[in-house]
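S.K.: Give the three-dimensional model of this entry:
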Amino acid sequence: MNILIFAFAFIGVGFLIGGFVKSRISGILLILGTTIIWFFIYGPWALATFIELMIGYVVAQVSVRDN
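M.R.: Coordinates of the predicted model:
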C-alpha cells in the first residue's frame with residue numbers, strides 16, 4: 001500500500017513540476033536533484049522515484065503544451 005501512495009505522490013509532484021516550471025532544463029534538474037536526495041534516503045528506490053517523476057512531468061508537458 002505504501003508503494004502506491006509513493007507512486008501517486010511522485011507522479012503528482014512530477015506533474016506539478018511539469019506544469020509550473022517553465023524551463024525544461026530547470027524541470028529536469030529539479031527531478032534529478034530530487035532523485036539524488038531520495039537515493040540517500042531510500043537507496044535503489046530512487047530509480048522508481050525518477051520514473052514516477054518523469055511520468056508526471058511528461059504528462060504535464062503534453063497536456064499543457066502551447067500550440
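S.K.: In this protein, where is pLDDT below threshold?
M.R.: The model of the chain has pLDDT under 70 over residues 65-67.
S.K.: Helices along that one, start to end?
M.R.: 2-20, 24-42, 45-63 (DSSP state H).
S.K.: Gly18: how many residues sit nearby?
M.R.: Gly18 has 23 neighbours, counted by other CB atoms under 10 Å. Using the backbone N, CA and C atoms, a C-beta is placed for each residue, glycine as well.
S.K.: er, Gln61 actually
M.R.: 16.
S.K.: quick one, what contacts it?
M.R.: Gln61 sits next to 18, 24 when contact means CB atoms under 8 Å, 6 or more residues apart in numbering.
S.K.: That one and Gly19: what is the separation?
M.R.: Gln61 sits 8 Å away from Gly19, going by CB to CB, to the nearest Å.
S.K.: out of the helices of the chain, deepest packed?
M.R.: Most buried of the helices of the chain by mean neighbour count (mean count of other CB atoms under 10 Å) is helix 45-63; its value is a mean of 17.
S.K.: Distance from the chain centre to that one, please.
M.R.: Here helix 45-63 is found 4 Å from its chain centre; the criterion is CA atoms, centre = their mean, to the nearest Å.
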